[in-house]
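[1] the following comprises the amino acid sequence and a computationally predicted model.
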Amino acid sequence: MDSEQITEKNTDTERILNIAIEAGRILLENGAEIFRVEETMERITGHYGMEKRDFYVLTNGIFATGNSFAAVRQISVSSGARLDKIVAVNQLSREIAEGRYTPSEAEERLEQIRSMRDKRPIMQILASGVGSAGFSVLFGGSPMDAAVAFAAGIILYIYILYVANPHLSKIPGNIFGSALVTFICIFCYRLGIGEGLSHMVIGAVIPLIPGVEFANGVRDIAYGDYLSGFIRLLDAILVFVSIAIGVGVVFLIYGHAFGGTII
C-alpha cells in the first residue's frame, strides 16, 4: 500500500469516527444514557467498515479510537432532555446501518439534527405552568392551589429562560428559583388564595426537578456504567439540595417574621 492509499484510508477512518462521535455528542448533550450512546456509535462505525474501534463514554466526555486514529471530545453535562433529538439520532443510526446514507449525507443529517430548534419560549413557559398545576392536583391540591401553582410555574420558567440560564450557574440558579416560587406561594396563601400551601409549593418547584437526569443515572448504574451513573446522580442530588435550600430559607424567614408553622 503506497503513501497515498494510506493517507486516504486514514482520512476515511477519521471521517467515520468523527461522524460517530458527533452522533454520540448530540445524544449525550440531550440526556441519553451511556449504553445508548455506545450502541449508536458502534452501529455507525460497524456499517462503514471500521473493524478496529473502541469507545469509552462518560457523562461529560467521549474517548474513541479506530484503526490508527484517536479522538477525545469534552461534552457539557446535560441540563435538560431533548427527546426529539435523541430519537432522530437513533433513527439515523439505524438508517445508516441499512445503507441509506453515505458519510456525506450522514454528516449533513447530523448537522440538521443539531440545528433543530427548541420549542418557542411561550410554549416552554406555558408547559411549565401546566406541569406545576397538574402536579399540585396530583399531590392533593385544590383547584385554587393548582391555579397558584400554575402562575408560579409560569413566573419560574420566565426566570429560568431569561435570568438563570444566561447569567447563573446551576446551584445558585436553582436556589433562587425555588426561593422565588416559594415566596409567591406564601404571598398568595397570606392573601387567602389557595388552601394548601404545601400543595402549591410542591407543584411550583416541579419544573426544577431533574427527573430525567436522576432516572438516567440509575439506568447507567444498572447497565454497569458506574462512574457516569454516579456523576449523574450526584448532579441530580445537588439540584435537589439546592431546591431544598431555596424553599427552606424562605420558610425560615417567614417563620421568624410571622411566627408559627405555615404548612
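    Happy to help now that I have it. Numbering: from 1, shown residues only.
[2] ok, so what distance separates E33 from G24?
    12 Å (Cβ to Cβ, to the nearest Å). The C-beta positions use only the backbone N, C-alpha and C, and glycine is treated the same way.
[3] look up phi and psi at the closest residue to A147 other than its chain neighbours.
    Closest residue in space to A147, ignoring its immediate chain neighbours: A133 at 7.1 Å, by Cβ to Cβ, 6 or more residues apart in numbering. Here is the backbone geometry of A133 (degrees, to the nearest 10): phi -60, psi -40.
[4] now do G99
    Main-chain dihedrals, G99, degrees, to the nearest 10: phi 80, psi 20.
[5] ok, now which ones touch it?
    Contacts here follow Cβ atoms under 8 Å, 6 or more residues apart in numbering; on that basis G99 touches H47.
[6] distance of V250 from Y157?
    Counting by Cβ to Cβ - V250 and Y157 are separated by 19 Å.
[7] if you count what's nearby, which of those two comes out ahead?
    Y157 (23 against 20; other Cβ atoms under 10 Å).
[8] helix or strand right after the host helix or strand of the more buried one?
    Assigned by DSSP states H and E, Y157 belongs to helix 143-159. Counting by DSSP H and E, the next helix or strand C-terminal to helix 143-159 is helix 165-167.
[9] just how off-centre is that following helix within its chain?
    16 Å (Cα atoms, centre = their mean, to the nearest Å).
[10] count of neighbours near the residue nearest to A147?
    A133: 26 neighbours (other Cβ under 10 Å).
[11] wait, isn't it in contact with G153?
    Yes. Counting by Cβ atoms under 8 Å, A133 does reach G153; the two are 6.9 Å apart.
[12] find residues that contact each of these two.
    G203.
[13] can you show me the helices along the stretch 101-250 of the chain?
    103-114, 121-138, 143-159, 165-167, 170-190, 197-205, 211-222, 226-258 (DSSP state H, counting those that start in this stretch).
[14] let me know the average pLDDT across the longest one.
    Read it as helix 226-258. Helix 226-258 carries an average pLDDT of 89.
[15] buried sites along that helix?
    Neighbour-count burial for helix 226-258, counted by 16 or more other Cβ atoms under 10 Å, picks out 228-229, 231-233, 235-236, 239, 242-243, 245-247, 250-251, 254.
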